[in-house]
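Participant: Show me the folded form of this:
(one chain, ligands or ions: 1)
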Amino acid sequence: MRTVVDRLTSGRRPTFSVEFFPPRDEADEAILWRSIRELEPLDPAYVSITYGAGGTSREGTIRNIARVATDTTLVPMAHLTAVDHAVAELRHVIGHFAAVGVRNILALRGDPPGNPMGEWVAHPRGLTYAEELVRLVRELGDFCVGVSAFPYGHPRSTDLETDTHYLVRKLDAGADFAIAQLFFEADDFLRLRDRVAAAGSDALMLPGIMPLTTPRTWRKTIELSGATPPRWLVERLEPLSDDPKAFRAEGLDVITELCEQLLAEGVPELHFYTFNRSKATRELVDRLGLRAPRTQAAVTGA
Ligand code: FAD
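Facilitator: Now for the predicted structure:
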């Protein structure tokens, strides 16, 4: 099974996946590969690598996701954005993914480089919305395609109704699933799932999860979510900001509780942001009982 949808619909459920970013240098690349090798025996449904704003970071995505396809037992998914790309270049990158055995693509519009909220300017021979990239990827081969979704609405959307409208349009353009941006409470994700279902789409909705191990990951979660965290959560985490051990323990408890609520609501898979380290994800996978049965047996000696 080499596609995300195969893995999520015919495989064991529930499961998890992991997201990495392209390494900046050789030392970073060694860390990335140590993490990939540490996660491989846990049998994630798929692993993805984000697509950078340009140049070497894009080469890092393309090279490393190809290596996942050729050198590991893992199912690879490449992120791809329309930023600064002519359609001809996008065709070339997509063709390369196919040639190296990457069958899954997360099709994104991307943000203006340097300033995510700056004016979006499409490449003169490029694309304007993720919906168009979904169509292009579909046109070019037998790919399994994912898109992004935003529990509180995309920062540029005027309201949730408009946001849901465009999300469902890109799903209908040929996407099989959506991965949600970071959020704080299970209900925030479940309401997004309900909105999409009410609009008539049965695409799989998958939650993005950040293991909260440091105040930095907490700040990043707030920034990426685009929303204000609830007071109860701020009160649990912020008093521990100067105590790294206590913050990590509480942060992982918070995320374990969030994941348990999502799994209880029938969510088939949790998509973990790893920051290219595997330890916190491995801990959460163990706590949540998401290891593949054969690796569980190996752990317990059964
Ligand atoms: P779109 O779906 O095109 O939406 C952009 C805005 O336009 C939204 O406000 C939407 O409502 C509106 N819109 C959409 N279609 C239309 C239409 N037809 N007419 C009018 N308005 C429309 N960024 C990276 O650079 N690299 C990555 O690897 C990456 N990975 C990500 C992974 C996940 C899971 C998520 C949630 C985000 C990721 N991002 C990544 C960030 C993403 O690129 C940005 O959030 C970007 O601003 C939105 O991309 P999109 O694909 O959702 O855009």
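Participant: The ligand contacts on the stretch 51-200 of the chain?
Facilitator: 51, 79, 81, 106, 108-111, 129-131, 148, 154, 156-157, 163, 166, 170, 179, 181 (Cβ under 6 Å from any ligand atom). C-betas here are computed from N, CA, C, even on glycine.
Participant: One more pass at 5 Å, please.
Facilitator: 51, 79, 81, 108-111, 129-130, 148, 154, 156-157, 166, 179, 181 (Cβ under 5 Å from any ligand atom).
Participant: could you flag which of those residues are buried?
Facilitator: Neighbour counting with 16 or more other Cβ atoms under 10 Å marks 51, 79, 81, 108-111, 129-130, 148, 154, 157, 179, 181 as buried within these.
Participant: And the furthest pair within those residues?
Facilitator: Greatest spacing in those, by Cβ to Cβ: Tyr51 and Ser157 (21.8 Å).
Participant: quick revisit: can I get the buried ones among the residues of the stretch 51-200 of the chain next to the ligand in a markdown table with secondary structure and pLDDT?
Facilitator: Shown next, in a markdown table, are these (DSSP: H, G, I helix; E, B strand; the rest coil; pLDDT from 0 to 100):
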| residue | secondary structure | pLDDT |
| --- | --- | --- |
| Tyr51 | coil | 96 |
| His79 | strand | 98 |
| Thr81 | strand | 97 |
| Leu108 | strand | 98 |
| Arg109 | coil | 97 |
| Gly110 | coil | 95 |
| Asp111 | coil | 92 |
| Tyr129 | coil | 97 |
| Ala130 | helix | 98 |
| Ser148 | strand | 98 |
| His154 | coil | 96 |
| Ser157 | coil | 95 |
| Ile179 | strand | 98 |
| Gln181 | coil | 98 |
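Participant: which one among those gets closest to Leu8?
Facilitator: Nearest to Leu8 out of these is Ile179 (Cβ to Cβ; 11.6 Å).
Participant: The closest one against Ala203, yeah?
Facilitator: No: checked against Cβ atoms under 8 Å, the pair Ile179 and Ala203 is beyond contact range at 10.9 Å.
Participant: can you point me to the longest helix in this structure?
Facilitator: helix 244-264 (DSSP state H).
Participant: what packs against it?
Facilitator: Counting contacts by 3 or more Cβ pairs under 8 Å, 6 or more residues apart in numbering; DSSP states H and E, helix 244-264 packs against helix 186-198, strand 204-209, helix 215-225, helix 231-237, strand 269-273, helix 279-287.
Participant: mind putting those in TSV, mean neighbour count included?
Facilitator: Listed next are the helices and strands packed on helix 244-264 as TSV, based on neighbours: other Cβ atoms under 10 Å:
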stretch	mean neighbour count
helix 186-198	18
strand 204-209	24
helix 215-225	17
helix 231-237	13
strand 269-273	24
helix 279-287	18
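Participant: closest to Ala69 out of the ones you listed?
Facilitator: strand 269-273 (18.9 Å).
Participant: can you list contacts of the closest one?
Facilitator: Residues outside strand 269-273 that contact it (Cβ atoms under 8 Å, 6 or more residues apart in numbering): 8, 13-19, 45, 48, 179, 182, 204, 206-211, 259, 262-263, 281, 284, 288, 290.
Participant: So in that sheet, which strands flank it, and in what orientation?
Facilitator: strand 15-20 (parallel), strand 204-209 (parallel) (DSSP bridges).
Participant: Compute the inter-axis angle for that strand and helix 279-287.
Facilitator: 160 degrees (axes from the mean of the first three to the mean of the last three Cα atoms, to 10 degrees).
Participant: Do strand 269-273 and the ligand come into contact?
Facilitator: No: counting by Cβ under 5 Å from any ligand atom, the ligand is not contacted by strand 269-273; separation bottoms out at 7.1 Å.
Participant: tell me the mean pLDDT over that strand?
Facilitator: Mean per-residue pLDDT for strand 269-273: 97.
Participant: got the angle between it and helix 244-264?
Facilitator: 150 degrees.
Participant: Now do strand 269-273: distance to the chain's middle.
Facilitator: Remark: strand 269-273 is offset 7 Å from the chain centroid, using Cα atoms, centre = their mean, to the nearest Å.
Participant: tell me the angle of it relative to helix 215-225?
Facilitator: Using the same axes, to 10 degrees: strand 269-273 against helix 215-225 is 120 degrees.
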